[in-house]
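Engineer: how does the following fold in three dimensions:
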Amino acid sequence: MIENFKVRKEIFEDTAHERCHFELTLDGKEYQGYYDDETEEVSWFQMQPDQEDHAMDLKELDEQVKERVLAWKANQ
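Structural biologist: Residues are numbered from 1 along each chain as shown. Predicted structure coming up:
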């Protein structure tokens, strides 16, 4: 379960490479990554959540990240 979720900022703002940089805590471990609106993909920095044994699988986690980033963007 995601305990904390925060969009830190949009990187490469107003360019073709714009992304939302996020950080979250999952089962007490901190992770960071970015979400690409164009490809609708979540990319993770090191450490990656799939390198640990979490109750939530990576596909479900990616979907929740997408939902939360899109909700954040809608409120901007």
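Engineer: and whichever strand or helix holds Gln32, what does it pack onto?
Structural biologist: Assigned by DSSP states H and E, Gln32 belongs to strand 29-36. Counting contacts by 3 or more C-beta pairs under 8 Å, 6 or more residues apart in numbering; DSSP states H and E, strand 29-36 packs against strand 19-26, strand 41-44, helix 58-74. For glycine as for every other residue, the C-beta is placed from the backbone atoms N, C-alpha and C.
Engineer: and the angle for whatever helix or strand Lys6 lives in with strand 29-36?
Structural biologist: Lys6 is located in strand 2-11, with elements delineated by DSSP H and E. Using axes from the mean of the first three to the mean of the last three C-alpha atoms, to 10 degrees, the direction of strand 2-11 lies 40 degrees away from that of strand 29-36.
Engineer: and the gap between Gly28 and Val69?
Structural biologist: Remark: distance between Gly28 and Val69 (C-beta to C-beta, to the nearest Å) = 22 Å.
Engineer: and Leu24, how many neighbours?
Structural biologist: 20 (other C-beta atoms under 10 Å).
Engineer: sorry, back to before: let me know which of the helices and strands packed on strand 29-36 is tucked in deepest.
Structural biologist: Among these, strand 19-26 has the highest mean neighbour count (mean count of other C-beta atoms under 10 Å), at a mean of 18.
Engineer: run the chain-centre distance for that strand.
Structural biologist: Offset of strand 19-26 from its chain centre (C-alpha atoms, centre = their mean, to the nearest Å): 4 Å.
Engineer: check stretch 26-40 too.
Structural biologist: Its chain's average C-alpha position is 2 Å from that of stretch 26-40, according to C-alpha atoms, centre = their mean.
Engineer: what's the span of it from first residue to last?
Structural biologist: In stretch 26-40, first residue to last residue: 21 Å (C-alpha to C-alpha, to the nearest Å).
Engineer: make 46 the starting number, not 1.
Structural biologist: With the count now opening at 46, the last piece we talked about shows up as stretch 71-85.
Engineer: ok, and for it, which residues are buried?
Structural biologist: 71, 76, 78-80 (16 or more other C-beta atoms under 10 Å).
Engineer: who's in contact with it?
Structural biologist: Stretch 71-85 has contacts (C-beta atoms under 8 Å, 6 or more residues apart in numbering) with 46-48, 53, 56, 61, 63-70, 86-90, 92-94, 97, 99-101, 106, 110-111, 114, 118.
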